[in-house]
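> Sequence first, predicted model second:
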Amino acid sequence: MAQNSDARDFTPPTFSFALMGHLATGVVKVVAIALLLWGVGLTGWTASFPAGTAIVTASIVMIAIEFATTGVERIFVLRHRHPDPGSVPMTAIVAVLPVPISFLIGLLFAPGPSGALITMVVTTVVYWAALVALERPWVEGDSQADIRRKYEQTKAMTRDQFRSE
């Protein structure tokens, strides 16, 4: 990856700021995971997933995965000195993270051994869908210089639009 022109004044976003962003998008994933777990439990394919168990399992899975994802992305942010580096290796790691984490949490909270597998499958499907549709971590985002330039352009446009004549 090429060095950024503003790399010398690079300041990475704080871990807590990045984590809050991941947890905010994770709320949507929790709802999808909980509904799917509960729905699969109603079909009788697995041991029953009561609504409470589905919600607790989905919440704990989401928090664990988002912590792990934020940690992995932090390594790439610091290495590439870019707030949103976009990388195929990072995407591969982030795509694989839900599998073992959701399986282990499924073993702890899901009803029966088949519940762990269902938790893993449902979580992986939801996270991969979000990865492809929303997050796209393989695409490099704006650098700090780009963000500053866009901010200044927006300020100038706003001043021009709302100045009194």
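Right, received. Where do you want to start? As the structure is a prediction and not an experimental result, all values here were calculated from the model. Residues are numbered from 1 along each chain as shown.
> Name all residues that make contact with the closest residue to Ile60 other than its chain neighbours.
Among residues not flanking Ile60 along the chain, Ile105 sits closest, at 5.4 Å (CB to CB, 6 or more residues apart in numbering). C-beta coordinates here come from the backbone N, C-alpha and C atoms, glycine included. Applying CB atoms under 8 Å, 6 or more residues apart in numbering, we find Ile105 in contact with 57, 60-61, 64, 119.
> filter those to the buried ones?
Among those, those buried by neighbour count (16 or more other CB atoms under 10 Å) are 57, 60-61, 64, 119.
> in the protein, which residue is closest to the centre?
His22 (4.7 Å; CA atoms, centre = their mean).
> Report the separation between the nearest residue to it once chain neighbours are set aside and Ala24.
In this structure, His22 finds its nearest non-sequential neighbour in Glu66, 4.1 Å apart by CB to CB, 6+ apart. Noted for Glu66: a distance of 9 Å to Ala24, by CB to CB, to the nearest Å.
> can you check Pro89 too?
25 Å.
> Most widely separated two among the buried ones among the contacts of Ile105?
The most widely separated members of these, counting by CB to CB, are Ala64 and Thr119 (11.8 Å).
> rewinding a little: the residue nearest to Ile60 and Ala58: what is the separation?
Distance from Ile105 to Ala58, by CB to CB: 9 Å.
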